[in-house]
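Colleague: Attaching a predicted model along with its sequence, questions to come.
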Amino acid sequence: MYSEKCSEMWCRVPLIVILGATGTGKSKLGIELARKFAGEVIGADSMQISDIDSRSKLPIVVGGTNYYIESLLWKVLVQHECKIIKTVPPEASNSVAADVSARCEFTHLSNEELMTRLEAVDAETALRLHPNDRRKVLRALEVFEQEKRPLSEILREQQSEDGSSPIGGPLRFPRSIIFWLQWDQGVLDEDLDKRVDEMIEKGLLQELLDFHSKYNAERLSSEAEADYTKGIFQSIGFKEFHPYLIMDEAQRETEESKKLLEKCIAEMKMATRRYARRQVKWVNARFLSNINRATPKLVPLTLKNAANWDTEILEPAVAMVQKLLDGETTVATPSEQLSEEQIVRQRKKSEPCREFCEICQRLFVLRDQWEDHLKSNKHKRRREGLKKHEANCKKQKLAEAESA
């Protein structure tokens with residue numbers, strides 16, 4: 001629960017946020033700034049900011065999930081009478097998600113039953129959610145039970161506040177700076193590959209083998225079925241090695257397993273590079289795209305040579321923080337006004353839809369996700385593969401007919 005005093009404190013506290021793709025040195029910069037300005041690097045817990053302010057510390061948020069950063073910077077949480085109902089990001093731990101869901105009386109229902117209930121009380125939200133997104137459907141039902149009105153109505157009110165936009169409410173911290181660390185893409189890719197190699201050298205593979213063995217021992221003792229589609233099994237550094245982990249010790253001694261291990265390592269490197277690119281894409285979408293939204297001051301810091309860390313990264317960051325503490329205005333201003341055509345295009349991208357891809361057997365509930373899927377290489381490969389399969393079947397039938 002947050003008080004009005006806490007909200008007022010947020011308006012006057014300078015906030016430093018350090019973003020950047022994995023491997024760009026976010027933690028290093030955060031520690032350096034904390035030492036220089038008697039600051040404190042904090043984790044993904046917005047209540048901790050109030051505690052730091054009471055100790056006269058400068059809060060420095062390093063990294064964190066995209067969902068956390070967004071909910072920290074903007075008022076994107078449901079509020080009512082000075083209380084906040086926290087949303088739970090997909091990356092949150094299972095225990096946190098379970099704790100939130102436990103407060104809802106509908107947790108025993110199936111996904112289909114949950115969606116039916118939601119359609120009855122909040123059809124607008126139900127239209128935007130995937131039927132299998134159990135966490136979000138439960139969340140919407142919980143809000144309706146607690147607030148006695150639909151989540152869609154509450155969010156619509158929030159997005160009508162000054163400084164808000166169709167994707168969220170106004171800023172929480174007007175006095176904030178975001179440092180965006182960037183590397184030359186080729187240099188970053190090479191560095192990320194080296195980090196994976198170092199992790200392997202330091203025993204990552206053995207850690208994965210030990211965890212997998214322990215997991216299976218506990219699963220067998222409880223007679224539970226293996227589910228490799230959730231939690232840690234979908235994290236980078238685990239799912240890429242799954243084909244190797246399920247081998248027995250004898251199989252791992254073969255030449256075939258060595259080739260498989262090399263392939264797993266290569267796939268982990270590729271997944272890490274893709275993850276870094278997704279992080280950059282999110283920053284572009286939230287801070288640089290023209291979406292008519294008030295945004296914090298974004299300061300790009302580009303490292304072209306690792307030897308120039310101090311001059312290219314640290315010194316510019318220190319100078320900017322000093323200006324903030326000296327009282328220089330860094331209050332964000334709304335982005336340039338969109339034209340009517342741009343507004344329509346933005347709304348179309350986030351509008352709900354119900355499109356089912358017969359080729360990939362997937363349901364999409366947002367227009368931009370559906371359009372992105374149709375352009376994806378995975379969809380195109382499956383489509384071409386299906387065409388080839390159908391052509392081969394047709395040839396085989398013709399051959400059988402001729403032979404008959």
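Modeller: Received, thanks. As the structure is a prediction and not an experimental result, all values here were calculated from the model. Numbers count the residues shown, from 1 in each chain.

Colleague: Spatially nearest residue to Arg175, not counting backbone neighbours?
Modeller: Closest residue to Arg175 apart from its sequence neighbours, by CB to CB, 6 or more residues apart in numbering: Pro14 at 4.8 Å. To be clear about C-beta, it is placed using only N, CA and C from the backbone, and glycine gets the same treatment.

Colleague: Quick check: the gap between the one you found and Ile69.
Modeller: From Pro14 across to Ile69, the span is 17 Å (CB to CB, to the nearest Å).

Colleague: Do a quick rundown of the helices in the stretch 301-404 of the chain.
Modeller: Listed in chain order, the helices of the stretch 301-404 of the chain (DSSP state H, counting those that start in this stretch) span residues 309, 315-325, 340-349, 367-375, 377-403.

Colleague: Least confident of those helices, on average?
Modeller: Least confidently modelled of these is helix 340-349, at a mean of 59 by mean pLDDT.

Colleague: how much space between Gln185 and Val137?
Modeller: Remark: distance between Gln185 and Val137 (CB to CB) = 38 Å.

Colleague: which of the two has more neighbours?
Modeller: Neighbour totals were compared for Gln185 and Val137, and Val137 leads with 25 against 13 (other CB atoms under 10 Å).

Colleague: Dump the helix or strand encompassing that one to CSV, restricted to CA.
Modeller: Element membership for Val137, per DSSP states H and E: helix 134-147. What follows is helix 134-147 as a C-alpha-only set of coordinates in CSV (Å, rounded to 0.1, in the frame of the first residue of the first chain):
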residue,chain,number,x,y,z
ARG,A,134,-4.1,-17.8,-17.2
ARG,A,135,-2.1,-15.3,-15.1
LYS,A,136,-3.5,-12.3,-16.8
VAL,A,137,-7.0,-13.6,-16.9
LEU,A,138,-6.9,-14.3,-13.2
ARG,A,139,-5.4,-10.9,-12.7
ALA,A,140,-8.3,-9.2,-14.5
LEU,A,141,-10.9,-11.2,-12.5
GLU,A,142,-9.1,-10.3,-9.2
VAL,A,143,-9.3,-6.6,-10.1
PHE,A,144,-13.0,-6.8,-10.8
GLU,A,145,-13.6,-8.6,-7.4
GLN,A,146,-11.6,-6.1,-5.5
GLU,A,147,-12.5,-2.9,-7.3
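
Colleague: So for the helix or strand just after it, what gets flagged as buried?
Modeller: Beyond helix 134-147 on the C-terminal side, the first helix or strand identified by DSSP H and E is helix 151-158. By 16 or more other CB atoms under 10 Å, the buried positions in helix 151-158 come out as Leu151, Ser152, Ile154, Leu155, Gln158.

Colleague: dump the residue contacts of the first one.
Modeller: Same thing as Leu151. Val78, Asp122, Thr125, Arg139, Ala140, Val143, Phe144 (CB atoms under 8 Å, 6 or more residues apart in numbering).

Colleague: quick check: longest helix of the chain.
Modeller: Among all segments of the chain classified by DSSP state H, the helix with the greatest residue count is helix 255-283.

Colleague: for it, the distance to its chain's centre please.
Modeller: Centroid separation between helix 255-283 and its chain, computed with CA atoms, centre = their mean, to the nearest Å, is 18 Å.

Colleague: try stretch 159-179
Modeller: Its chain's C-alpha centre and that of stretch 159-179 lie 19 Å apart, by CA atoms, centre = their mean.
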